[in-house]
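*Asks:* sharing a sequence plus its predicted fold:
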Amino acid sequence: MTSLVVISGSGRYADPWHPFAETSARLAETLAGFGEVSVVDDVDAAFVRLNTESADLVVVNIGNSDDDAPTLAARVGLAAHLERGGAVLGVHSAATAFPQWAVWPTVLGGHWVRGTTFHPPQSTCTIDVAGGESFETVDERYTALELQPGVDVIATHEHEGETHPLAWVHRFGTANVGYVGLGHDAAAYDSPGARALFGAVAGRLLGIG
C-alpha cells in the first residue's frame with residue numbers, strides 16, 4: 001500500500017500563526033485516498049527515520065526555525081529519502097522553513113525571501129489552476145515567492161495586477177517534489193477546490209496524476 005507521512009510542526013518548528021496539529025489532520029483526511037497516512041510531530045526525528053524507513057510521499061507541514069535546523073542526521077535522512085526517489089510535498093509555511101539550510105529551497109523548488117515575499121490579509125481569493133477550473137477559497141496566499149528554474153507551476157493567484165505562483169512540481173534528482181502555498185488554517189481545507197488542488201499535486205508526485 002502507498003504510504004504517506006505528514007510531518008507536522010511542533011517545538012522549534014511551531015509558531016503562533018499556524019495551527020499545525022489541526023492542518024496536519026486535515027491534510028491526512030484530504031490525502032487519505034492515496035493510501036495509508038500517518039501524522040508525526042517530532043520533526044527532526046521524522047526526517048532521521050527516513051534514512052531507514054521508506055515512505056512514498058513525505059508531506060512537510062512545518063514552520064520556520066531560526067537556528068541551524070534541521071539537524072545533520074535529519075538532513076541525511078531526507079537526502080536518503082530523495083535518493084530512493086521518495087516524493088516530498090511542502091505545504092504553506094514550509095516555504096519559510098530551514099532558513100539557514102541553503103539546500104532546502106533547491107529541494108522544494110522555491111522559498112520565502114525575507115523582505116521580498118509577503119502575503120495579503122487572509123481573505124476570499126481566486127486561485128487559477130493550469131489546465132483546470134479556477135476556484136475561490138479563504139486563505140493566505142504567499143506572494144513573490146522565489147522559484148528555482150524549471151519548476152512546473154500548477155496554480156497561481158493575482159495580486160495588484162500581477163500573477164504569482166502558488167503551487168508547483170519539479171524534479172530533484174530522481175525524486176518528485178512539489179509545493180502548495182495554501183492551507184494556512186484548518187478552515188482553508190473546507191474549500192473543495194483547495195482539496196482538489198492538494199490531491200492533484202499529490203497525484204503528480206506519486207506518478208498517478
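*Replies:* Nice, thanks for sending it over. Residues are numbered from 1 along each chain as shown.

*Asks:* what is the helix or strand containing residue 166 packed up against?
*Replies:* Residue 166 belongs to strand 162-172 when assigned by DSSP states H and E. With contacts defined as 3 or more Cβ pairs under 8 Å, 6 or more residues apart in numbering; DSSP states H and E, strand 162-172 has these neighbours: strand 152-159, strand 175-180, helix 192-206. The C-beta positions use only the backbone N, C-alpha and C, and glycine is treated the same way.

*Asks:* centre of the chain versus it, how much separation?
*Replies:* 11 Å (Cα atoms, centre = their mean, to the nearest Å).

*Asks:* and what of stretch 172-190?
*Replies:* On Cα atoms, centre = their mean, the centre of stretch 172-190 falls 3 Å from the chain's centre.

*Asks:* for the residue nearest to the spatial centre of the chain, which three-state class applies?
*Replies:* Relative to the mean C-alpha position of the chain, the nearest C-alpha, by Cα atoms, centre = their mean, is the one of residue 90, at 1.7 Å. The three-state assignment at residue 90 reads strand, by DSSP: H, G, I helix; E, B strand; the rest coil.

*Asks:* so what's it bridging to?
*Replies:* residue 60, residue 179 (DSSP bridges).

*Asks:* and the gap between the closest residue to residue 195 other than its chain neighbours and residue 144?
*Replies:* Leaving aside its chain neighbours, residue 195 sits nearest to residue 30 (5.0 Å; criterion: Cβ to Cβ, 6 or more residues apart in numbering). To residue 144, residue 30 is 27 Å away according to Cβ to Cβ, to the nearest Å.

*Asks:* which one's more surrounded, these two?
*Replies:* residue 30 (21 against 14; other Cβ atoms under 10 Å).

*Asks:* that one reaches residue 188, doesn't it?
*Replies:* No: shown here, residue 30 and residue 188 do not form a contact pair, counting by Cβ atoms under 8 Å, at 10.6 Å.

*Asks:* quick one, what contacts the residue located most distally from the centre of the chain?
*Replies:* Largest separation from the mean C-alpha position in the chain: residue 161, at 25.5 Å (Cα atoms, centre = their mean). Counting by Cβ atoms under 8 Å, 6 or more residues apart in numbering, residue 161 touches no other residue.

*Asks:* and the gap between it and residue 37?
*Replies:* If you go by Cβ to Cβ, the gap between residue 161 and residue 37 works out to 39 Å.

*Asks:* one more: residue 70?
*Replies:* 22 Å.

*Asks:* kindly report the same for residue 160.
*Replies:* 37 Å.

*Asks:* which residue ranges of this protein form strands?
*Replies:* 3-8, 36-40, 57-61, 87-91, 110-111, 123-129, 135-139, 146-147, 152-159, 162-172, 175-180 (DSSP state E).

*Asks:* which residues touch the second one?
*Replies:* I take that to be strand 36-40. 1-8, 24-25, 27-28, 31, 46.

*Asks:* turn these into CSV, including pLDDT.
*Replies:* What follows is the contacts of strand 36-40, written out as CSV (pLDDT from 0 to 100):
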residue, pLDDT
1, 88
2, 96
3, 97
4, 98
5, 98
6, 98
7, 98
8, 98
24, 98
25, 98
27, 98
28, 98
31, 98
46, 98
